[in-house]
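[1] Show me the folded form of this:
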Amino acid sequence: MPTAKLLASLAAIFITTALIACPFDGNEVNAGNLTPTAGYQTVSTSNGDYWVINVNCGDTYNFNFCNNGGTSTWDTQITILQTNGTTELAYNDDNCGLQSDVSWQATFTGTVYVLITEYFCNLDGTFNATMAYNVTAGSLSGNSAFTLSATNCVSATANITGDTGGTFSFNPAPMDAATIDPNTGAISNGTAGATYNVDYTVNCSTTNQSVTLSNSGNATFSLAEICGGASATVTGDAGGTFAFNPAPGDGAQINTSTGTITNGTAGTSYTVEYTICGSSSTQSVTVLTDDCWTLNGNATNITVGGEDCIQLTAAVNNQTGCAWSGSQIDFASDFSLTLDYYFGNNINGADGNTFTFQPSASTACGNDGGQLGAGGLSNALAIEFDTYDNDNPTHLYDMACDHIAIEVDGNHQNAAPAAGPVCAKTNMGNIDDGGTYEVTIEWDASAMTLSVYFDGVLRLTYTDDIVNNVFGGQNLVYWGATSATGGLNNQQYFCPSTVVILPVDLASFTSECNGTDEVFTWITSSEQNVSHFVLEYTYDGYIFYPETSVQATGNSTTDKMYQARVSSSDANTRYYRLKAVDMNGSFENSDLISSKSCAKASMLQSVYQEGTTVFVKTNQPAKVQLINNMGQILYAVVSEDLIQFETSHLAAGLYQVLVTGTNGLKEVESIMVR
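    Next up is the predicted model:
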């Protein structure tokens, strides 16, 4: 052995086995099975061999190359592993010079691998040696006493009354989807009425207990309004599933495990069903009617030209403003976000805005100055629109032009961005020039690509598994804008983007009902290098969803007509816009037009109240139900024209009128009984 290695070995002879254990990576050779006895046996082995041994809990197994017939002329290493690769014991190096000599007491009954390698787990080369091995019968005394108790119809808990530190397992394994925590013995995802048998093993002692879950579940729960949706609290048995009933069809989402509703439409009522072990209950909730923006720091609501906007900073030094939408956005799906930004009217001002996504909280707000109000936010992805060159003249992370970059490390001033920087404008001009600029963020979930458009021109893309690598595995995140000033300042604000001019002469953009479908028609009087049109819809003017794409003529000086047919059972009003995409990928958007809600118009004509009577008028045969806030159906009538409900005997509160057509389409209207 080289001197340096010898000295290191002498100094670290008792090094922790986990640090020197060899991995089991599939490059080893299965040399066969060994059956140790009380007397020593020997076997010829080589570098990279592993031997399979069935062991008994409590017995001690000895392996060596320097005693009892074992010999070797090379620097050996012995590693004992479970069949799943978990290391039980690494070699005791240099106990006999260059040879290993190990003893290991089994803490379980099962199969292990004995892996033979050179020092440092080297598998190179072939070296013959003789390994001696035997077993010494023994025992480990332990008290594995424990009890099981059913928590509800899908779960149970374990209580250890003996020695702790053991492991739990099913015995026998159940045929359903039930799981058990090996450390705590907690059973989850069980089946109502099922019986489960559980082993607890510690120090070679094993005890078996059984538990039978309840036959039925308690599905009581409540819903509470939150911005953009609702939160659910289970007051009965936990572990069930939530679902909309009926499905709203407006882009609202529900977490099947927690019942949390996100991306809801303001003023819309949602009915949720909670099911566990064959028991179900329903509750209804109405989403708050305000826009649910949470403003932090110096952010405040303002009106610009009659439009509601949010000012992030005034033209005052050392301000920080953050604004988060109450509706979280889902990175598991494609989306497009559009805002109009105002970066100020002082080209010598500072510092800029961000468009930020983060999973932490709607109360988050970062640092001021060059950190743009987003610096220091954990697990955040921020698209910065920087109006100040912070590292002139070195330009390691910034640029002389007003620029765009994507940051994921929480540092907007002293670290390299994840993407960019690039000039915001293609002509390298200033963006804090008193103008309003449309910023669009598009996310392609399948390609995991984020694209940033500035005034319809693609300026930056970033591809990464953002959900796992940035958001810590959360796909539903908060989104909003941040901004800051430092020693210099600008007024900085944003507004929903609704009206810009198309790169074509758009003569008209209209829609009309054709049965239950809505047909959109637009006419261009001229086109120049137009690739295609995308028809998009929104509920709030911020988040847009693609509906369909139509190929453009491309170049034309005469009238061209296009149509797109949309079939939707959406109970809420959609607003549509046209996106005209150029050959080079840049785009601009039309004004918004309101959906005609054709499916609704063809089925439900009106719901109105006169005194204590509710009248429901339909345009076709339909099933009409009156539902209270407990989800109970109070009336159910099939109607072809007009029906009426008497409410004088009902408690005051919000009720739902659910209309189901013969085509399966559903419409929901809310009424207030006073």
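
[2] Just the helices from the chain, written as ranges.
    For the chain, helices defined by DSSP state H occupy the ranges 3-11, 17-20, 466-469, 598-603.

[3] From the domain annotation, what segments belong to each domain of the chain?
    Following automatic domain parsing, the chain resolves into domains at 3-136, 146-212, 221-286, 294-496, 505-596, 600-673.

[4] Turn those into JSON lines, including mean neighbour count and mean pLDDT.
    Every residue, glycine included, has its C-beta placed from N, CA and C. Converted to JSON lines, the domains of the chain look like this (neighbours: other Cβ atoms under 10 Å; pLDDT from 0 to 100):
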{"stretch": "domain 3-136", "mean neighbour count": "16", "mean pLDDT": "80"}
{"stretch": "domain 146-212", "mean neighbour count": "17", "mean pLDDT": "94"}
{"stretch": "domain 221-286", "mean neighbour count": "19", "mean pLDDT": "86"}
{"stretch": "domain 294-496", "mean neighbour count": "20", "mean pLDDT": "88"}
{"stretch": "domain 505-596", "mean neighbour count": "17", "mean pLDDT": "81"}
{"stretch": "domain 600-673", "mean neighbour count": "16", "mean pLDDT": "76"}
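
[5] Now for the residue lying closest to Q605 once chain neighbours are set aside: which residues touch it?
    Computed as Cβ to Cβ, 6 or more residues apart in numbering, the closest residue to Q605 that is not its neighbour in sequence is K617, at 4.3 Å. When contacts are counted by Cβ atoms under 8 Å, 6 or more residues apart in numbering, K617 touches 604-607, 641-642.

[6] could you redo the last one with a cut-off of 10 Å?
    Residues near K617 by Cβ atoms under 10 Å, 6 or more residues apart in numbering: 604-608, 624, 639, 641-644.

[7] just T356 next, same as before
    So T356 contacts 322-324, 364, 366, 372-374, 377, 380-384, 407, 477-482 (Cβ under 10 Å, 6+ apart).

[8] M448 too?
    M448 sits next to 331, 462-469 when contact means Cβ under 10 Å, 6+ apart.

[9] same deal with N54?
    33-36, 106, 109-112.

[10] quick one: it from T111, how far?
    Distance, N54 to T111, using Cβ to Cβ, to the nearest Å: 5 Å.

[11] what's the overlap in contacts for those two?
    In contact with both N54 and T111: N33, using Cβ under 10 Å, 6+ apart.

[12] For the closest residue to E547 other than its chain neighbours, list each beta-bridge partner.
    Setting aside the residues directly before and after it, E547 is nearest to L535 in space (Cβ to Cβ, 6+ apart), at 4.6 Å. Going by DSSP bridges, L535 is paired in beta bridges with T548, L578.

[13] now do A230
    With DSSP bridges as the rule, A230 is bridged to E225, I261.

[14] doesn't A224 make contact with it?
    Yes. Using Cβ atoms under 10 Å, A230 is in contact with A224, at 6.2 Å.

[15] Need the overlap of contacts for these two.
    283, 285.

[16] Just want the most central residue of the chain.
    N475 (2.0 Å; Cα atoms, centre = their mean).

[17] which residues does that one contact?
    328-333, 359, 445, 466-468.

[18] Relative to Y388, which of those is nearest.
    I466 (26.8 Å; Cβ to Cβ).

[19] and the gap between the closest one and A332?
    11 Å.

[20] Overlap in contacts, the two.
    Shared contacts of I466 and A332, counting by Cβ under 10 Å, 6+ apart, come down to 443, 445, 475.

[21] For V112, see how far away the second one is.
    Between A445 and V112 the distance is 44 Å, computed by Cβ to Cβ.

[22] Pull the contacting residues for V638.
    By Cβ under 10 Å, 6+ apart, the neighbours of V638 are 618, 621-624, 660, 662.

[23] Repeat the analysis, applying 6 Å as the threshold.
    K623 (Cβ atoms under 6 Å, 6 or more residues apart in numbering).

[24] and if you look at D455?
    437-438 are the contacts of D455 under Cβ under 6 Å, 6+ apart.

[25] can I assume the residue nearest to E547 is in contact with Y545?
    No. In this structure, L535 is not within contact of Y545 by Cβ atoms under 6 Å, at 10.2 Å.

[26] And the closest residue to T42 other than its chain neighbours, how far from G32?
    With sequence-adjacent residues excluded and distances taken as Cβ to Cβ, 6+ apart, T42 is closest to G69, at 4.4 Å. Applying Cβ to Cβ, the value for G69 to G32 is 18 Å.

[27] I'd like the distance between A129 and D75.
    A129 is 11 Å from D75, by Cβ to Cβ.

[28] Sorry, slip of the keys, the one I care about is D409.
    For D409, the distance to D75 - Cβ to Cβ - is 44 Å.

[29] Could you point out the bridge partners of S511 in the sheet?
    When bridges are called by DSSP bridges, S511 pairs up with F520.

[30] Quick check, it in contact with F520.
    Yes. S511 lies in contact with F520 (Cβ under 6 Å); the separation is 4.6 Å.

[31] which one is F615 nearest to, not counting chain neighbours?
    The nearest residue in space to F615 (Cβ to Cβ, 6+ apart) is Q644, at 5.1 Å.

[32] no no, L223
    Spatially, and ignoring its direct neighbours in sequence, L223 is nearest to V285 (4.1 Å; Cβ to Cβ, 6+ apart).

[33] what's near enough to touch that neighbour?
    Counting by Cβ under 6 Å, 6+ apart, V285 touches 223, 225, 230, 270.

[34] can you name the two of those that are farthest apart?
    Applying Cβ to Cβ across the contacts of V285, the maximum distance is between E225 and Y270, 10.5 Å.
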